[in-house]
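K.L.:
how would this look folded up:
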Amino acid sequence: MIKGQDESLLAGVDDVDWVGLHHAYGSAEDVPDQLRSVCGDDEAAREAAFGSLFSNIFHQGTRYSASPRAVPFLARIAVAGPRRARAGTLMLLKCLAVDWYDEYALPRGINIVAWRAAAEEFMPEKCVAWYDEQLAVEQDPGRRRVLEEGRAYCAAGDTFDSRASALLSYDAVRAELPRLARLLDDPDPEVRTRTAYLLAWFPEEGCWSVPLLLVRLEREPDSRTAATITVAAGLAGDHTLVPRLRPWLDAPDPLLQWAAAIALTRLAADESSAAPDPDHDSGLFERIISVLTEAAAGPAPAVGTEFNEGNLHGYTARSLITLISHAPDTVLSAIADAFGGMPDRQIAALARPVVTVAFSGAANYTLTPFTDLGTGQQRTLRVLAENGPWKHYGEKFELALREIGLPDTQPALCAYTHTHPIGRITDPDDPWDE
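P.N.:
Sure, this is the predicted structure:
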């Protein structure tokens with residue numbers, strides 16, 4: 001139970017028609033009590049409430065009409081709630097905005113323009129208008145009943161399109177960002193870190209959020225927080241940040257060097273596609289590749305960032321893929337090194353794009369002796385031949401091998417690369433992975 005000053009956190013919660021809103025399990029009438037438990041003194045009840053909220057208003061990444069309505073109350077809790085609730089609330093807000101699949105958008109970040117375009121026709125108000133058009137001409141009682149049920153669902157703020165329902169929650173979180181951004185100066189480094197991580201996914205707010213991030217970066221004592229701020233600035237900002245972040249490539253902290261290289265990989269790519277700059281640092285990409293190559297070959301740091309599910313090597317590999325044209329052999333070898341520090345599922349997701357980029361332009365490829373390939377190509381094929389994600393459910397990298405005329409079975413690729421199979425990468429949590 002909350003009392004006294006804490007009651008202001010949930011002021012107005014009972015004015016919301018939660019019964020008429022939906023979450024994954026039907027009516028959202030249980031959400032107010034879960035919010036109260038998050039604010040309460042009982043730690044076990046708080047953890048249970050977080051679990052329930054993640055399960056019902058953010059069910060396996062799906063958002064519902066209750067999801068955006070919960071956001072303002074969650075934002076208040078993040079800013080002024082109990083100490084033990086604030087960091088978890090920030091993570092729930094991040095999930096309500098962009099779900100847990102942030103690595104799918106890396107290294108480029110959220111393409112909000114494409115997202116808005118895809119969701120536009122499926123927003124609740126447009127769906128209601130469509131149902132009204134159908135009801136105006138439908139005479140069959142059974143079909144009218146189905147249409148009326150669909151209209152009522154959308155009129156309550158729901159939509160049958162996952163992109164549209166997610167966008168409603170995203171924009172609800174976006175509206176709270178000015179309030180939440182003040183947490184960049186919070187005494188708790190975990191709160192500062194989660195705040196920076198949240199700001200990373202809102203490039204439309206970058207005009208004001210990135211300057212705040214950079215100011216905080218200059219005086220941030222915590223390594224993990226500083227690295228998160230740097231990556232966040234790179235995702236929310238544009239190529240004009242390159243001169244501001246370039247010096248951090250030489251920071252004394254290796255994690256901060258890595259973060260600067262990750263941010264600059266994205267920003268410098270945008271800069272290179274713009275009008276040529278006579279003052280452009282010709283050695284920038286060389287330095288970025290050097291930092292990322294070292295990170296790919298080294299052990300995972302004891303303290304990292306939230307990005308890419310917390311896996312530094314996976315984010316490193318994703319960024320290196322975009323740099324292959326600058327130093328093919330060096331970059332491909334570094335990606336092979338990074339595979340050694342990545343979970344199996346992430347390797348399976350990257351194997352096909354790596355092969356595709358490594359043999360770019362090799363459609364109808366004529367098989368040549370393995371020793372005639374570049375050293376980076378050789379290293380890539382050997383790693384995948386020895387212990388690749390063979391027959392992995394989803395993005396099968398064998399298809400990329402087949403498309404360019406390379407051997408597309410493990411025995412054949414091992415024979416071609418003069419190596420021996422060590423095993424194969426599988427995902428023990430994936431029932432479809434044979």
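K.L.:
Quick check: which ranges of the stretch 51-200 of the chain have low pLDDT?
P.N.:
Per-residue confidence for the stretch 51-200 of the chain (pLDDT under 70) gives these ranges: 101-103.
K.L.:
those strands in it, which residues are they?
P.N.:
Assigned by DSSP state E, counting those that start in this stretch, the stretch 51-200 of the chain shows no strands.
K.L.:
How is the chain divided into domains?
P.N.:
1-123+159-187, 124-155, 202-317, 343-434 (automatic domain parsing).
K.L.:
What average pLDDT does the third one get?
P.N.:
What it means is domain 202-317. Per-residue pLDDT values across domain 202-317 average out to 90.
K.L.:
how far is it from where the chain is centred?
P.N.:
Computed by C-alpha atoms, centre = their mean, to the nearest Å, the chain-centroid distance of domain 202-317 equals 16 Å.
K.L.:
end to end, how far does it reach?
P.N.:
Start-to-end span of domain 202-317 (C-alpha to C-alpha, to the nearest Å) is 23 Å.
K.L.:
ranges for the strands of the stretch 301-434 of the chain?
P.N.:
Under the criterion DSSP E, counting those that start in this stretch, the stretch 301-434 of the chain carries no strands.
K.L.:
So, low pLDDT: which residues of it?
P.N.:
Along the stretch 301-434 of the chain, segments meeting pLDDT under 70 span 361-365, 393-395, 423-434.
K.L.:
hmm, back to that, can I get the domains of the chain in TSV with mean neighbour count?
P.N.:
In this view, the C-beta of every residue, glycine as well, is placed from N, C-alpha and C. Below are the domains of the chain laid out as TSV (neighbours: other C-beta atoms under 10 Å):
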stretch	mean neighbour count
domain 1-123+159-187	18
domain 124-155	14
domain 202-317	19
domain 343-434	17
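K.L.:
Next up, the contacts around residue 128.
P.N.:
When contacts are counted by C-beta atoms under 8 Å, 6 or more residues apart in numbering, residue 128 touches 151, 154, 155.
K.L.:
Could you report the separation of it from residue 156?
P.N.:
Separation of residue 128 from residue 156 (C-beta to C-beta, to the nearest Å): 10 Å.
K.L.:
Next: residue 316.
P.N.:
44 Å.
K.L.:
ditto for residue 111
P.N.:
Distance of residue 111 to residue 156, computed by C-beta to C-beta: 29 Å.
K.L.:
now do residue 301
P.N.:
On the measure of C-beta to C-beta, residue 301 and residue 156 end up 46 Å apart.
K.L.:
same deal with residue 261?
P.N.:
47 Å.
K.L.:
Equivalent analysis for residue 25, please.
P.N.:
15 Å.
K.L.:
before we move on, back to that, now, the contacts of residue 128 that are in helices?
P.N.:
Among the contacts of residue 128, DSSP state H puts 151, 154, 155 in helices.
K.L.:
Leaving out sequence neighbours, find the closest residue to the second one.
P.N.:
In this structure, residue 154 finds its nearest non-sequential neighbour in residue 127, 4.0 Å apart by C-beta to C-beta, 6 or more residues apart in numbering.
K.L.:
same question, the last one
P.N.:
With C-beta to C-beta, 6+ apart as the criterion, residue 155 has its nearest non-adjacent residue at 5.4 Å, and that residue is residue 128.
K.L.:
circling back to that earlier point, who's in contact with the residue nearest to residue 154?
P.N.:
For residue 127, the contact set (C-beta under 8 Å, 6+ apart) comprises 150, 151, 154, 159, 160.
K.L.:
And the residues you listed, which is closest to residue 9?
P.N.:
Nearest to residue 9 out of these is residue 159 (C-beta to C-beta; 29.0 Å).
K.L.:
who touches the closest one in this structure?
P.N.:
Residues near residue 159 by C-beta under 8 Å, 6+ apart: 122, 123, 124, 127, 165, 168.
K.L.:
circling back: any idea how far the residue nearest to residue 155 lies from residue 309?
P.N.:
With the distance defined as C-beta to C-beta, residue 128 ends up 37 Å from residue 309.
K.L.:
Residue 98 now?
P.N.:
Going from residue 98 to residue 309 by C-beta to C-beta gives 13 Å.
K.L.:
any chance you could map the helices in the stretch 1-150 of the chain?
P.N.:
Counting by DSSP state H, counting those that start in this stretch, residue ranges of the helices within the stretch 1-150 of the chain are 31-39, 43-56, 66-80, 83-98, 112-119, 124-137, 141-155.
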